[in-house]
Structure formats: C-alpha cells, structure tokens
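**Q** After the sequence you'll find the predicted model.
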Amino acid sequence: MENVVEMLTEWGALYGTRIVGAFVILILGRLLTTFLTNLVERLMQKSGAERTLTGFVRNLTRISLLIIVIIAALGALGVETTALIAVIGAAGLAVGFALQSSLSNIASGIMLVVFRPFKVGNHIQAGGTSGIVEEIHIFSTILRTFDNRKVIVPNSRITGDTITNYSAKETRRIDLEFSVGYNDDLKLARDILERIVKDDERILKDPAPGIGILELGESSVNFFVRPWVRAADYGSVKCDLLERVKLTFDDESISIPFRQMDIHVHQLSAV
C-alpha cells in the first residue's frame, strides 16, 4: 500500500505540474489569441481594408494561433511535438494539393480586395463575363448582367484574364463612324454631325469632341465622331446619336451607302 501511495505521489508530482502548466498555457493562449485576433481586425478596419479580407485574415490568424497554443500545451505535457508538427505539415500539404483550385480562388480573392481593380457597382468585363459587380467574395465574384442574370465567376478566372473596368473613370469617349456617298455634300454632312453633337447637352465641352474624315473607303467617305461623356451617360448618348444622325441624314438627302462592288463586263468581238 505504501508503494502505491508513493507511486501516486511521484506521478502526481511529475504529471500534475505538467497538467497544470498545459492548462495554464491553454487559458492564457486562448486569451492572447482573442486579443491578437481582435487587434488584427481593428488595425485592418482602420486601414480601410475590405470586410471580406478582414474576416478572412481574422479567421486565419485565430486558427493559426490556436494551433500554436495546442502544440505548446502538448509540449508542456511531455508529448513529443516534433512528430506532430511533421504530421500537421504533411496533412496541410496533402490538403493543399487536394484543394489546389479552391486555394487558387482564395489567393485571387485576396488579390482582388487588396489591389482593388474594381469595386461593387462597377461595370466590368472579366473572366469571359460582362456585368455589374454585386459582391466580391474570397472564392468568387458575383456579377449581374444587363438582362438581370446572376453570374458567379471564380476569382482565379478573373485574375487570370484581362480585366476591363468601364466604370473606373468618370468620363468615356464614344467612338462612332458614319459613311456617306461620294456624290453627297461632304461639307453639309460634317455640319450636320457637328450640330447634332453640339446640341446634346450631355456631351462634354472639355475635352472637345473630335469630328473629321476617317478614310476614303471603297464605296463611301467615312467620318469619325468622338465625343466625350460622363460614364453613366455612355449608353444613352450613343444610341441617341446614332438615331439622330440617321434621321437627319435622311431629311437632308444624304445617303448612307451599302458596301458594294462595281463589276464592269466587256464583250470582246469574235475574231
């Protein structure tokens, strides 16, 4: 009986201290994890980081710190943690290979919220899709097309492709071409184009719109019309200009010729 008591006393003296130490490490480690996680979140919020990125970094920080605390507590118990760390590393590598596509989307999502090539509400073309950005997540970006379809595009496709942001600038230039016949009055055609552009109050005076002859085509003289407008007015102004030019050309008897080819047939007399 005395031997059992002595053995329990020795075991308690040996492992009791370790258990208490591990318990203290867990308690203090959890408190420190909560403090550091909240600190990281506050710092990112003050720096103006996106909420998506802030939440992702916060969760990643918390999980990483908790893993460190657990390993430290096991070490205090006398557990050999070297092998455990190796197992965790191997498991992480295996998971990384298995989730390679998902991790690629996560990395791309972080790039989108950090470098901000576009933001919610912008009209973009990326990943083979064009539409209005509604949401930016870690894994994907949600676009709303102009016929009101919801399109979910993986972030890796967006960052791996060319991104065109039509809303990035406050103004845009409309590039139009109009063709008139060689027999039409070119000066009158130019005056009509200048008058139509001048009468539209949505068209900016600075930069000044450009109007002139672009080329002498095969069957027509081609004018270019390049007015500047606010980005929000781009679509409506373009449609109105096309309609007004066509109607005014018709009223002024200025033709818009079809593409044509003249074929001359020569009959040779029999020898």
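**A** Happy to help now that I have it.

**Q** Tell me where the stretch 151-271 of the chain is predicted with low confidence.
**A** Where the stretch 151-271 of the chain drops to pLDDT under 70, the residues are 259-271.

**Q** mind listing the strands in it by residue range?
**A** 164-165, 171-173, 176-180, 210-216, 221-226, 228-230 (DSSP state E, counting those that start in this stretch).

**Q** Looks like L74 contacts G21 (just checking).
**A** No - with contact defined as C-beta atoms under 8 Å, L74 does not count as touching G21 (11.2 Å). Where you see a C-beta, it was placed from the backbone N, CA and C, and this is true even at glycine.

**Q** How confident was the prediction at the residue nearest to the spatial centre of the chain?
**A** By C-alpha atoms, centre = their mean, the chain has its centre lying nearest to F118, at 5.1 Å. F118 carries a pLDDT value of 90.

**Q** what number of residues lie near G127?
**A** Number of residues near G127 (other C-beta atoms under 10 Å) recorded here: 21.

**Q** any idea how far it lies from R202?
**A** Applying C-beta to C-beta, to the nearest Å, the value for G127 to R202 is 32 Å.

**Q** rounded to a whole number, what's the mean pLDDT of stretch 55-70?
**A** The model assigns stretch 55-70 a mean pLDDT of 80.

**Q** chain center to it: distance?
**A** 27 Å (C-alpha atoms, centre = their mean, to the nearest Å).

**Q** And stretch 227-243, by the same measure?
**A** Counting by C-alpha atoms, centre = their mean, stretch 227-243 is centred 25 Å from the centre of its parent chain.

**Q** related to what we said a few turns ago, so which of the strands of the stretch 151-271 of the chain comes closest to V113?
**A** Checking the strands of the stretch 151-271 of the chain against V113 by C-beta to C-beta gives strand 164-165 as the closest, at 15.0 Å.

**Q** what's the closest one packed up against?
**A** Under the contact criterion of 3 or more C-beta pairs under 8 Å, 6 or more residues apart in numbering; DSSP states H and E, strand 164-165 touches strand 123-126.

**Q** So in that sheet, which strands flank the strand it packs on, and in what orientation?
**A** strand 129-136 (antiparallel), strand 164-165 (antiparallel) (DSSP bridges).
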